[in-house]
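Asker: predicted model and sequence follow; I will ask about them next.
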Amino acid sequence: MQSLMIVPRLLPEVRAGHKLHTIRWREPEIVPGPMLYVNTQDASDTIQVVVTCVETIKLSDVADRMGKAKEWPDDVLLQGMREHYPAIEMDSTVKVIHHLLPDV
C-alpha cells in the first residue's frame, strides 16, 4: 500500500476528518486509492485514508485553490512548507493530495 510520513501533531486532525489534504514536494508519487499515513515518530501509529485526487500546481496557487488565501498568505504558507522542505520556493511545483477517511 502506498504511504506517506506525517508529523504527529497532524494526526488528530486527520483522524477527526478535519484535515482532508496534504501538500507534498519531491516525494514519492501518490495515486488515487488506499494510502497509509505513518507517524514520523512512531511507525506503529498509522491512519488509512482513501486518496480521491492528486493535483499538481505551483505552491503560489495552493492557498487560492484550497480557499485559504486569508489564512495562508504567501509568507505564512512558505514558512510552513519550509519546516518540511527548506529549499521550497513559491514557484515550486507541488502535489496537493486530497483524501477521505475510508468510512466517509
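Answerer: Nice, thanks for sending it over. Numbering: from 1, shown residues only.
Asker: quick check: D91 vs W25, distance?
Answerer: Here the distance between D91 and W25 works out to 12 Å (C-beta to C-beta, to the nearest Å). Using the backbone N, CA and C atoms, a C-beta is placed for each residue, glycine as well.
Asker: compare the two (neighbour count), which wins?
Answerer: W25 (15 against 8; other C-beta atoms under 10 Å).
Asker: mind checking pLDDT for that one?
Answerer: At W25, the pLDDT value in this model is 97.
Asker: quick check: P102 is in a helix.
Answerer: No: according to DSSP: H, G, I helix; E, B strand; the rest coil, P102 belongs to no helix; its state is coil.
Asker: overlap in contacts of D91 and W25?
Answerer: The contact sets of D91 and W25 overlap at L59 (C-beta atoms under 8 Å, 6 or more residues apart in numbering).
Asker: and the pLDDT for E13?
Answerer: For E13, pLDDT reads 95.
Asker: that one and K19 touch, don't they?
Answerer: Yes: assessed by C-beta atoms under 8 Å, E13 is found in contact with K19 at 3.7 Å.
Asker: restricting to C-alpha, output the longest helix along the chain in CSV.
Answerer: Secondary structure of the chain per DSSP state H: the longest helix is helix 74-82. The C-alpha trace of helix 74-82 is given here as CSV (Å, rounded to 0.1, in the frame of the first residue of the first chain):
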residue,chain,number,x,y,z
ASP,A,74,2.4,33.7,0.8
ASP,A,75,4.8,34.3,3.7
VAL,A,76,2.9,32.1,6.1
LEU,A,77,2.5,29.3,3.5
LEU,A,78,6.1,29.4,2.6
GLN,A,79,7.3,29.4,6.2
GLY,A,80,5.1,26.5,7.0
MET,A,81,6.2,24.5,4.0
ARG,A,82,9.9,25.2,4.7
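Asker: what kind of secondary structure is the residue nearest to E71 when sequence neighbours are not counted in?
Answerer: Closest residue to E71 apart from its sequence neighbours, by C-beta to C-beta, 6 or more residues apart in numbering: A63 at 7.6 Å. Taking three-state DSSP as the rule, one finds A63 in the helix state.
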